[in-house]
Structure formats: C-alpha cells, structure tokens
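In: Turn this into a model:
(one chain, ligands or ions: 1)
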Amino acid sequence: MNIEKNKVVSLTYTLRDGSALGNVVEVTNEQNPLTFIYGAGMMLPSFEANLKEMETGSDFSFLLKAAEAYGDFNPEAVIEVPKSAFADETGVVNEELIQLGKPVMMHDEEGHRMQARIVGITADKVKLDFNAPMAGKDLHFTGKVLTVRDATESELAHGHVHGPGGHQH
Ligand SMILES: [Zn+2]
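Out: You can find the predicted model right below:
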C-alpha cells in the first residue's frame, strides 16, 4: 500500500540540523515511531510531499530548506519586555521563571497564547524569542516507512490516529 491522503503512516526518522552531517536534533525508533494521518494537516506539507507514494520498507533521505520548514528566522520576533511582565498579581517578579533558554508562555493583547524562549536577561529587561526553535534552519531527514494502512472513519472524524502511537480511547 502506497502513502497517499488519509493513510495512517508509521515511520522512524532521524532529524539533523542543516545537512546529513549536522547535529542530531530528534530521533524516533521502531519502539516509538512517528504515526500520523497523511494529508490531514498534522505534518509540514513539505515533509509529506517527500513521502508521497512510498510504501512499507521504503527508506528516505531528504532536505527541507528553512523556508519550506519552519520559515526563516525573523529578527522582529525577538523582543525585549520589562521584568515586570513576569510579575504575579501582587506585583512581585518571579525570578525563578527568568532563566536563559527557558520556554515561557506569553499572552498577546487578544489573549492568544504564544510560546517564546528567553534569550537574554539584563537588570530590568528580558529578551524573548518567539521564533520556532527550528526557524531559519534547514532540516535533514533520514528514515524508514514501517507501516501504511487506511485510516478508519473514526480516525478521520477525530483528526488523529487511534491505537499504538495515537490516542487510546
Ligand atoms: Zn479519537
């Protein structure tokens, strides 16, 4: 069975930063593969495009340029906020929340939750980076397709995979 829209695909992959020789960023193995519904908007479209028509046992190796992965790094998505942004309702700044590299959840004016990372700290300001962690990076994938099957009607209705590697309910 070949990979196409609405097939449930299980695969292993190794993600490297920039090229086949780059640092390993993520690894999945056969005990804990990536399982998803192909063409359901769960994965990067460029990632799926490279898997089209593959079948059980197919090996893959491809590079996604940053622009077709998580986008180019946007310097305007790095902003400074006063430390008071980390104050609790009594106005006390929670210094424990302010650590370099720490992910933080911020809210914009409309209340949308946005994930950022702390990339700089001064006496009274904190620098936040709202870019995706892999923004600006080319992604190199190698891996193997383990299984391909039809999605069930309930999986398509729920928009996620059931059973091993998916929701157990
Ligand atoms: Zn479900």
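In: For the helix or strand where residue 25 lies, name the packing helices and strands.
Out: For residue 25, the host element (DSSP states H and E) is strand 24-27. For strand 24-27, the contact count by 3 or more Cβ pairs under 8 Å, 6 or more residues apart in numbering; DSSP states H and E identifies strand 7-17 as packing neighbours. Every residue, glycine included, has its C-beta placed from N, CA and C.
In: Excluding residues flanking it in the chain, which one is nearest residue 69?
Out: Spatially, and ignoring its direct neighbours in sequence, residue 69 is nearest to residue 139 (4.8 Å; Cβ to Cβ, 6 or more residues apart in numbering).
In: just checking, the one you found touches residue 68?
Out: No. Look at residue 139 against residue 68 with Cβ atoms under 8 Å: they stay out of range, at 9.1 Å.
In: More neighbours: those two, which one.
Out: residue 139 (24 against 15; other Cβ atoms under 10 Å).
In: May I have the phi/psi pair for the more buried one?
Out: The phi/psi pair for residue 139 (degrees, to the nearest 10) reads phi -110, psi 120.
In: which residues does it bridge with?
Out: residue 17, residue 64 (DSSP bridges).
In: which residues does it contact?
Out: Residues in contact with residue 139 (Cβ atoms under 8 Å, 6 or more residues apart in numbering) are 15, 16, 17, 25, 63, 64, 66, 69, 70.
In: how about a cut-off of 10 Å?
Out: By Cβ atoms under 10 Å, 6 or more residues apart in numbering, the contact set of residue 139 is 15-19, 22, 25-26, 44, 46-47, 62-66, 68-70.
In: ok, now residue 122?
Out: Contact partners of residue 122, counting by Cβ under 10 Å, 6+ apart, are 80, 83.
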